[in-house]
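K.L.:
have a look at this prediction, sequence included:
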Amino acid sequence: MAERFEGLLHRTAVRVTGGFLAVFLSQIGTAFAYPTVDPTNQTTLPTGAPTGTELPDTDVNGLQNQLRLTNPAAVPNANAWTIIPRITVQELFTDNVAEVQSPRRADAITVISPGISAIADTAHLKLNLDYQPDLMLHAIDGPLNAMTQHLTGTGLVTIVPDLAFVDLRALSGVQSTGGALATVGSLGTTNGPQYATPGQTGVNPRNEVQTSSVGISPYLLRQFKDYGTGKLGVSVDASRYSSITGFAANPFSGNGANAQSLLTTEQIAQFTTGEFLGRFQSAFSADFLQSKSWAQTGATVAVTTAAGTVLVPANSFTSQRQTIMDTVTYQVNRNIALIGGLGEQQIHYSDNTGPEVNGLTWKAGFTLTPSEESAITLTYGRFNGIDGFQANGHLALTERTLFSFDYSNTVGTQLESLQNQLNNSTVGPTGQLINSQTGGPNFIATNTLGVQTGVFRYQTLNASLSTTWLRDQIQAYATWSIQTNATPGNLQTSQFVDPVTGQLISVGQPGTSAGTGQTLDVKTVNITWLHELTPDLTLNSGASYSFVHRSGDLGNDGALAGSIGLEYLLSASATLSGRYAFYDRVSKIPGYNLYENILLVGFTKHF
């Protein structure tokens with residue numbers, strides 16, 4: 001009886017602590033760009049399958065074998081440092097190398113991809129880094145040769161234990177210029193882009209932009225016995241995207257076209273009370289953010305309107321955000337916590353570039369913690385100048401299945417949204433950057449939306465389901481993102497590469513009298529299945545569908561992609577792969593219907 005009572009007390013304490021943690025993560029997530037992960041929560045984040053479950057030894061061996069096939073650096077080991085260089089050589093055969101309706105041209109493409117994965121787990125450094133450049137060499141269309149960059153990295157440097165830390169983050173990848181092509185982008189993925197798979201890049205670099213972001217955030221973090229934990233920090237984040245027009249893409253300076261850049265600085269002060277208040281907890285935060293967005297000299301966007309095609313200069317502007325808020329949580333029982341918050345918020349964009357916000361911010365809601373591995377937070381209130389809901393959660397449906405979701409209503413530029421997602425990321429079991437609050441995939445909407453200039457309001461719903469069995473891994477995700485223009489006089493555009501001239505053009509949506517309110521509505525679903533046929537042979541398949549709706553009667557786009565492939569483990573360090581993929585885009589914009597077949601064979605060697 002005593003053991004059962006102690007077990008009950010332990011489970012109750014875990015759930016109460018988990019409820020406070022879920023609420024705390026949801027509050028620090030309101031900081032627009034500052035990293036959400038620190039030593040107080042990094043060991044309790046929902047980073048994959050439910051924790052605390054005991055799998056049979058055969059299941060553990062099978063899972064580790066699948067991880068070795070997909071990401072060798074992810075397999076657990078006792079070394080403080082794990083550094084794994086690799087080289088991948090792929091040969092792609094496509095029947096539509098320019099990815100246009102006509103003229104269709106076949107080509108063979110050799111992709112050479114050296115890469116390196118580095119993991120560090122020492123007393124002073126926690127590091128997850130994966131870098132891979134991709135060199136694409138065309139047998140026929142030499143002008144399409146390009147080298148793109150792919151990088152994911154998170155690091156935590158401990159300067160003084162239990163006091164001073166530095167958070168480091170980096171991201172680079174390619175995404176579709178027009179968005180929602182069903183082959184949408186590689187931001188946040190590991191081992192670089194997986195060509196000829198749904199959700200990854202196409203083969204024409206002129207239809208893509210290279211996007212990069214880096215950040216450094218030093219901070220002080222101190223626990224004051226049972227009274228609470230205080231945090232003081234500053235951060236600097238720099239982001240950039242540019243069209244791939246030459247051989248070497250951004251982040252190499254001087255290459256690309258129509259580049260947009262963002263520099264953000266931020267200062268935060270937080271104090272979260274501890275156990276001395278019992279069931280109550282107060283989380284006070286003061287967040288001050290300054291940013292500068294600027295365009296490459298002479299950068300313009302060609303906008304097609306009813307009056308003809310006009311060149312619109314890319315915007316350069318500054319912004320400031322000040323948010324002070326106190327959130328009080330009351331833990332009703334081990335499963336339910338009530339949330340209430342009140343504060344002040346100011347948002348200002350120079351030159352009338354975005355909405356002005358100046359007034360009270362508030363919220364009310366609850367966190368439901370049905371188990372140690374599950375938590376749901378739902379709030380309603382006023383934030384970023386509008387009333388609306390915010391929600392996030394992760395549910396362990398079974399011992400092997402995790403469902404996660406999040407809904408947000410934000411305002412900013414696309415690069416500001418990118419920085420926010422990067423700083424709300426942690427590394428998942430396969431090395432992919434995932435949402436630190438839910439455990440679901442990150443950058444879904446960013447990879448799906450086409451590149452835009454200006455300030456927008458984003459309503460974004462993400463949902464994902466992942467399940468793992470002895471020989472199978474299945475992951476499905478869906479996103480619904482509505483991007484609404486918030487810049488007076490700005491035309492929301494959709495960008496494409498002209499199939500005749502090869503120039504980047506944009507289709508502009510008719511502006512309202514205020515120049516705001518045009519929307520871009522994107523829905524995407526994606527499912528992947530990894531099945532172990534034998535210990536050395538794995539079947540991987542996937543399918544995705546994207547649908548784009550543009551206001552202003554500019555028509556809709558639909559895109560369907562599917563792939564199937566095999567990976568054979570030649571040895572513990574060498575893999576042979578083959579894959580077939582097909583995608584089809586149907587558009588009401590003249591000339592932009594297209595389909596493509598891709599056949600790929602590849603070899604990867606880890607050293």
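P.N.:
Received the coordinates, thanks.
K.L.:
which residue ranges of the stretch 401-550 of the chain form helices?
P.N.:
Per DSSP state H, counting those that start in this stretch, the stretch 401-550 of the chain carries helices over the ranges 414-423, 444-448.
K.L.:
what does the chain give?
P.N.:
Counting by DSSP state H, the segments of the chain that form helices are 2-28, 57-70, 414-423, 444-448.
K.L.:
remind me which residues of this protein are low pLDDT?
P.N.:
For the chain, the stretches with pLDDT under 70 are 1-33, 42-78, 178-185, 190-202, 249-258, 296-315, 445-450, 488-517, 553-555, 591.
K.L.:
residue nearest the middle of it, spatially speaking?
P.N.:
Centroid-nearest residue in the chain: F443, 2.1 Å away (criterion: CA atoms, centre = their mean).
K.L.:
I figured that one hits Q421, correct?
P.N.:
Yes: F443 lies in contact with Q421 (CB atoms under 8 Å); the separation is 5.8 Å. C-betas here are computed from N, CA, C, even on glycine.
K.L.:
what's opposite the spatially closest residue to T524 that is not a sequence neighbour in the beta bridge?
P.N.:
Nearest residue to T524, sequence neighbours excluded (CB to CB, 6 or more residues apart in numbering): S546, at 4.5 Å. In this entry, S546 is beta-bridged to T524, A559, by DSSP bridges.
K.L.:
tally of neighbours for S546?
P.N.:
27 (other CB atoms under 10 Å).
K.L.:
that one reaches N556, doesn't it?
P.N.:
No: the pair S546 / N556 is not scored as a contact, 10.7 Å apart, by CB under 8 Å.
K.L.:
verify the stated contact: V451 with N207.
P.N.:
No: using CB under 8 Å, V451 is not in contact with N207, being 11.0 Å away.
K.L.:
overlap in contacts of these two?
P.N.:
Residues touching both V451 and N207 by CB atoms under 8 Å, 6 or more residues apart in numbering: T177.
K.L.:
which ones are touching the residue nearest to the centre of the chain?
P.N.:
F443 touches 185, 187-188, 418, 421, 433, counting by CB under 8 Å, 6+ apart.
K.L.:
okay, those in CSV with neighbour count and distance to P103 next?
P.N.:
CSV is the format used below for those (neighbours: other CB atoms under 10 Å; distance: CB to CB, whole Å):
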residue, neighbour count, distance to P103
G185, 26, 26
L187, 25, 31
G188, 22, 35
L418, 24, 35
Q421, 22, 38
L433, 26, 39
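K.L.:
which one of these sits closest to T245?
P.N.:
Closest approach to T245 among those (CB to CB): G185, at 18.1 Å.
K.L.:
pretty sure T468 contacts R400?
P.N.:
Yes: contact status for T468 versus R400: in contact at 5.3 Å, counting by CB under 8 Å.
K.L.:
the two: who's more crowded?
P.N.:
For the pair T468 and R400, the greater number of neighbours falls to T468 (22 against 19), based on other CB under 10 Å.
K.L.:
give the bridge partners for that one, please.
P.N.:
Q473.
K.L.:
any idea how far S371 is from it?
P.N.:
Distance, T468 to S371, using CB to CB, to the nearest Å: 18 Å.
K.L.:
same deal with H124?
P.N.:
Distance, H124 to S371, by CB to CB: 35 Å.
K.L.:
now swap in I598 and tell me
P.N.:
43 Å.
K.L.:
of those two, give the one with the bigger neighbour count.
P.N.:
The residue with more neighbours, out of I598 and S371, is I598; 23 against 15, by other CB under 10 Å.
K.L.:
close enough to count as contact, the more buried one and A581?
P.N.:
Yes: using CB under 8 Å, I598 is in contact with A581, at 4.6 Å.
K.L.:
tell me which residues in stretch 277-293 are buried?
P.N.:
Buried residues in stretch 277-293, counted by 16 or more other CB atoms under 10 Å: 281, 283-289, 291, 293.
K.L.:
actually stretch 560-572, not the one I typed
P.N.:
Across stretch 560-572, burial judged by 16+ other CB under 10 Å covers 560-565, 567, 569.
K.L.:
could I get the full set of strands for the stretch 451-600 of the chain?
P.N.:
Secondary structure of the stretch 451-600 of the chain by DSSP state E, counting those that start in this stretch: the strands cover 456-468, 472-485, 493-497, 504-508, 519-534, 537-550, 556-571, 574-587, 594-606.
K.L.:
sorry, slip of the keys, the one I care about is the stretch 201-350 of the chain.
P.N.:
208-224, 228-243, 257-273, 280-295, 300-305, 308-313, 317-331, 336-349.
K.L.:
what is the second one packed up against?
P.N.:
Using 3 or more CB pairs under 8 Å, 6 or more residues apart in numbering; DSSP states H and E, the elements in contact with strand 228-243 are strand 208-224, strand 257-273, helix 414-423.
K.L.:
among these, which is the most enclosed?
P.N.:
Stretch with highest mean neighbour count among the helices and strands packed on strand 228-243: helix 414-423 (a mean of 25; mean count of other CB atoms under 10 Å).
K.L.:
how many neighbouring residues does the nearest residue to Q281 once chain neighbours are set aside have?
P.N.:
Nearest residue to Q281, sequence neighbours excluded (CB to CB, 6+ apart): T329, at 4.5 Å. Number of residues near T329 (other CB under 10 Å) recorded here: 26.
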